[in-house]
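Asker: When you get a sec, could you give me coordinates for this:
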Amino acid sequence: MSILINASALPNIPWEPRPKTDRGSSPLWRYSGNPVIPRDLTAHSNSIFNSAVVPFKGGFAGVFRCDDTSRRMNIHAGTSANGINWSIENNPIDFIKCRDDQPDSEYKYDPRVVFVDDKWYVIWCNGYKGPCIGLGYTDDFKKFYMMENVTMPFNRNGVLFPRKINGRYAMLTRPSDSGHTPFGDIIYSESPDLEFWGRHRHVMSPAHFSQSAWQCTKVGAGPAPIETSEGWLLFYHGVLTSCNGFVYSFGAALLDLDKPWQVIARSRPYMIAPQESYELCGDVPNVAFPCAALADGATGRLAIYYGCADTVTSLAFGMVDEVADFITRNAL
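Answerer: Numbering: from 1, shown residues only. Now for the predicted structure:
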């Protein structure tokens, strides 16, 4: 399939060719140096995972989930020259509230970052009487501002689209419950101002166990959707309930450009599932959870950052045409 990415060239995208020994059953392959971010890269971190990375000023910047040794969940800023070797701030981001009456955050986790209009927007799971979707922005990855929560509890996996759709900001979320959520659909919402959200549309549900078991318990959006000539490319996680608990893997889907709640195709097989030691063993075993993706509009290269076993962060690579072809050939 011939497919183009609607994005600028990114010549310094992290990259490693597919190993010759790779059997090629998936369009994605793992970086040989995984994990790229260890659990103890900051002074007080127990784990660093499910984090967001973007190109920034010739290098890369990001917002990282760092659970400290008290097991408090928070997000920290970081930078890198090459997208592989990272420097992450020891202290969490100290958000400046946009309104005096905004509630405090009990915790923050699983951030995403995307550039929309003229700002870098950070979206995360925010603790306010339960998990909801928090939103903020930055111009320089040094000073961060917190806006109003965009959903009421309970909700997780908030992801902004990188541009307005039909004149409105667009977002994907996964409404949930107050616990570990043994269910979950992906929902699309729109907003004229990033504060008041509506026009909710159902995007996708978990698959039936007999059709695609890796995504039969719940599904949730991963990185910000990537605009392509064939639709929005969405990497998403799926969950299987096994006899030993949840197993998190990820695949991808193509969504309609003008009506993103309409799924063109989604992959029946997974693309990455817990198989390596750093994905199988950790604080939460059997997790491969995508949160960020870099795309080179010139070559079609993709670099996907994903959390492993809720402990470390790793990288996978792919080509956009091979990913799209895999989705359509193996559509659910």
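
Asker: Surely residue 195 touches residue 169?
Answerer: No: contact criterion C-beta atoms under 8 Å: residue 195 and residue 169 do not qualify, at 9.7 Å. For the C-beta atoms, the positions are set from N, CA and C on the backbone; glycine is no exception.

Asker: quick one, which of the two is more surrounded?
Answerer: Neighbours of residue 195 and residue 169, each counted by other C-beta atoms under 10 Å, are more numerous for residue 169; the result is 21 against 13.

Asker: name the element that one belongs to?
Answerer: Taking DSSP states H and E as the criterion, residue 169 maps to strand 169-175.

Asker: May I have the phi/psi pair for residue 279?
Answerer: Phi and psi for residue 279, reported as degrees, to the nearest 10, are phi -100, psi -30.

Asker: shared neighbours of residue 195 and residue 169, which are they?
Answerer: Common neighbours of residue 195 and residue 169 (criterion: C-beta atoms under 8 Å, 6 or more residues apart in numbering): none identified.

Asker: contacting residues for the most centrally placed residue in the chain?
Answerer: In the chain, the C-alpha closest to the average C-alpha coordinate belongs to residue 291, at a distance of 2.1 Å (C-alpha atoms, centre = their mean). Contact analysis of residue 291 by C-beta under 8 Å, 6+ apart lists 50, 51, 52, 110, 111, 112, 222, 223, 305, 306, 307.

Asker: now those in TSV, with distance to residue 329 and pLDDT?
Answerer: Output for the contacts of residue 291, formatted as TSV (distance: C-beta to C-beta, whole Å; pLDDT from 0 to 100):
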residue	distance to residue 329	pLDDT
50	29	98
51	31	97
52	30	97
110	31	98
111	33	98
112	28	98
222	21	98
223	22	98
305	26	98
306	23	98
307	28	98
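
Asker: Point out the ones among the residues you listed that are inside helices.
Answerer: Cross-referencing the contacts of residue 291 against helices under DSSP state H gives no overlap.

Asker: out of these, who has the most neighbours?
Answerer: Ranked by neighbour count (other C-beta under 10 Å), those have residue 306 at the top, with 31 neighbours.

Asker: Name the nearest residue to that residue, ignoring sequence neighbours.
Answerer: residue 290 (4.4 Å; C-beta to C-beta, 6 or more residues apart in numbering).

Asker: what's around that neighbour, how many residues?
Answerer: Here the count is done by other C-beta under 10 Å, and residue 290 has 27 residues near it.

Asker: can I assume it sits in a helix?
Answerer: No: according to DSSP: H, G, I helix; E, B strand; the rest coil, residue 290 belongs to no helix; its state is strand.
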